[in-house]
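In: dropping the sequence and predicted coords here.
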Amino acid sequence: MDTKEIRTEIDETITELLELISSFNQDEINVIPFEGSWRAGQLAKHVIMSGSGFAKIINGPVKETERKPDELVATIKRDFLDFSIKMKSPDFVVPPDTSYKKEDLLHSLEHIKAKINQAIEKLDLTKTCLAFELPVYGILTRLEALHFILYHTQRHIHQLKKIHQIVVAHHIGEK
């Protein structure tokens, strides 16, 4: 996948996330859909926490890559788009259990989208990021980090669609 393709895919994916979050009203964004689930607002906050962390990693210190710059892309895709497995988020990206403002979430996601697009346009994506070593994957290249953002966001869009169905159906049932 070249620079233009990854930018288009990330742009379209984050736009889909923004539209999905926009489809919740302010009350619905904070409804618990079922026991053990995050609220839509928490899920959005998790994507924001992860995305802003990756924006820092991508823009942080780098070195020349000593392997194929996209070596881990297929593994990341396979892992995150396998919806049959349940993943546990590392504590540092678990969102607080609080009430969220939809407009704040949307604004933060727009900001992250802009930062990521800027990085794609200006940086050498073949470099290896040194700022953080991920659990399971280790140190990623910028290109792999961008794919992580892409597939991680797509996974959460899938979850958010399920939350939306439950919350909206419940909300309609109350009226």
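Out: Ah, there it is. Numbering: from 1, shown residues only.
In: which helix or strand contains the spatially closest residue to Leu81 that is not a sequence neighbour?
Out: Closest residue to Leu81 apart from its sequence neighbours, by C-beta to C-beta, 6 or more residues apart in numbering: Tyr151 at 5.9 Å. Where C-beta positions appear, they are placed from N, C-alpha and C, glycine not excepted. Applying DSSP states H and E as the criterion places Tyr151 in helix 142-174.
In: that helix - contacts with which helices or strands?
Out: Packing partners of helix 142-174 (3 or more C-beta pairs under 8 Å, 6 or more residues apart in numbering; DSSP states H and E): helix 3-22, helix 40-59, helix 73-80, helix 102-122, strand 128-129.
In: state the distance from Val94 to Leu106.
Out: According to C-beta to C-beta, to the nearest Å, Val94 stands 21 Å off from Leu106.
In: please apply the same query to Ala44.
Out: 8 Å.
In: any shared contact partners between the two?
Out: Shared contacts of Ala44 and Leu106 (C-beta atoms under 8 Å, 6 or more residues apart in numbering): Ile21.
In: more neighbours: these two, which one.
Out: Between Ala44 and Leu106, counted using other C-beta atoms under 10 Å, the more crowded position is Ala44 (27 against 16).
In: quick check: the gap between the nearest residue to Glu133 once chain neighbours are set aside and Arg155.
Out: Once flanking residues are discounted, Glu133 sits nearest to Ile139: 5.2 Å by C-beta to C-beta, 6+ apart. Counting by C-beta to C-beta, the gap from Ile139 to Arg155 is 22 Å.
In: one more: Glu66?
Out: According to C-beta to C-beta, Glu66 stands 29 Å off from Arg155.
In: out of these two, which sits in the busier spot?
Out: Legend: neighbour count by other C-beta under 10 Å for Glu66 and Arg155, higher for Arg155 (17 against 6).
In: mind listing what the nearest residue to Ala55 once chain neighbours are set aside touches?
Out: Excluding the flanking residues, the one nearest Ala55 by C-beta to C-beta, 6+ apart is Lys115, at 4.4 Å. Applying C-beta under 8 Å, 6+ apart to Lys115 gives the contacts Ser52, Ala55, Asn59.
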